[in-house]
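Student: The following block contains a protein sequence and its predicted model.
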Amino acid sequence: MQVSRNRQKECDSAVFHRGAHVTSPLQTVIDCARTLPVIDALCIADYFLQCRLVDYEILAQHLWVINGRGACTAREVARLMSMKAESPLETVARYWILTWGLAPPVEQVPLWVGGRTLRPDFLWEKERVILEVDGKVKYAGIFGETTEDVVQNERRRQHELESMEYTVVRALWEDIVVHPERLRAKLARAGICEGPRRRM
């Protein structure tokens, strides 16, 4: 927890939540973008966006006009953030993909496969490549499924996607967070190379 001093405007607009006065969701993301490392701040921004706690356009406008301390990080968060990330691991994967200058994928796009709708984490339609990120939580059984059920469902999902002539690349937490060069190598083998760089 960080205590704000000499920030009367932010303190006046704070709300009382669970025993403490806290800043609004918008102000919280802005403060995080100015003070945290870019990946940490990006995970927070994505979470608030995905939960619809902040508006994308309004947040982007505030981040782009920040000056002084933290301005560069805030603008990088504005450039990279997304409303579609469903986990921090997806956020970190997207961070690396765009930072490396790879062709940008689309996220969580619905595909009608085998009589049901699947939403791959990342899709490069032109290359027919899908990236699925596998965090440890997925296989921990905390969502009511056993590990065996999750593994079987993931195998079925991959088989269905491959039956549509997609190449499915799977990346683990270690591939993305600890050794991101592994993620880059996997994508390169699947044909995902550098694309047009997005403007800063």
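Tutor: Yes, it's here. Just so it is clear, the structure is predicted and the values come from calculations on it, not from any experiment. Numbering: from 1, shown residues only.

Student: for residue 97, what are its contacts?
Tutor: 104, 105, 122, 187 (CB atoms under 8 Å, 6 or more residues apart in numbering). Quick note: C-beta positions are derived from backbone N, CA and C, even for glycine.

Student: Please check those and keep the buried ones.
Tutor: Burial by neighbour count, 16 or more other CB atoms under 10 Å: within these this picks out 105, 122, 187.

Student: Which stretches in this protein count as helices?
Tutor: 8-12, 25-35, 38-50, 56-64, 71-80, 88-99, 147-163, 173, 180-189 (DSSP state H).

Student: Columns distance to residue 128 on top of the buried ones among the contacts of residue 97, output as TSV?
Tutor: Below are the buried ones among the contacts of residue 97 laid out as TSV (distance: CB to CB, whole Å):
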residue	distance to residue 128
105	12
122	13
187	13
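
Student: Of those, just say which sits nearest to residue 44.
Tutor: residue 122 (20.5 Å; CB to CB).

Student: Out of the contacts of residue 97, which sit inside strands?
Tutor: In this view, the contacts of residue 97 that belong to strands under DSSP state E are residue 122.

Student: Between the contacts of residue 97, which sits nearest residue 156?
Tutor: Using CB to CB, the contacts of residue 97 come closest to residue 156 at residue 122, 19.6 Å.

Student: Now for the closest one: which residues touch it?
Tutor: Taking CB under 8 Å, 6+ apart, one finds 90, 93, 94, 97, 105, 106, 107, 130, 131, 132, 133 in contact with residue 122.

Student: which among those end up buried?
Tutor: Neighbour counting over the contacts of residue 122 (16+ other CB under 10 Å) leaves 90, 93, 94, 97, 105, 107, 130, 131, 132, 133 as the buried ones.

Student: Would you check how far apart the third one and residue 153 are?
Tutor: With distances defined as CB to CB, to the nearest Å, the gap from residue 94 to residue 153 amounts to 24 Å.

Student: Can you give me the separation between residue 108 and residue 85?
Tutor: Using CB to CB, we find residue 108 at a distance of 8 Å from residue 85.

Student: To clarify, my last question referred to residue 110.
Tutor: 16 Å.

Student: try residue 33
Tutor: From residue 33 to residue 85 the distance is 16 Å (CB to CB).

Student: Ok, residue 194 next?
Tutor: In terms of CB to CB, residue 194 sits 22 Å off from residue 85.

Student: These two - which one has more neighbours?
Tutor: Per other CB atoms under 10 Å, whichever of residue 194 and residue 85 has more neighbours is residue 85, with 25 against 10.

Student: and the more buried one, what does it touch?
Tutor: By CB under 8 Å, 6+ apart, the contact set of residue 85 is 46, 47, 49, 50, 91, 94, 107.

Student: Now with 10 Å, please.
Tutor: By CB atoms under 10 Å, 6 or more residues apart in numbering, the contact set of residue 85 is 42-43, 45-47, 49-50, 91-95, 107-108, 121, 133.

Student: Which single one of those residues is nearest to residue 65?
Tutor: Using CB to CB, residue 45 is the member of the contacts of residue 85 that lies nearest residue 65, at 15.7 Å.
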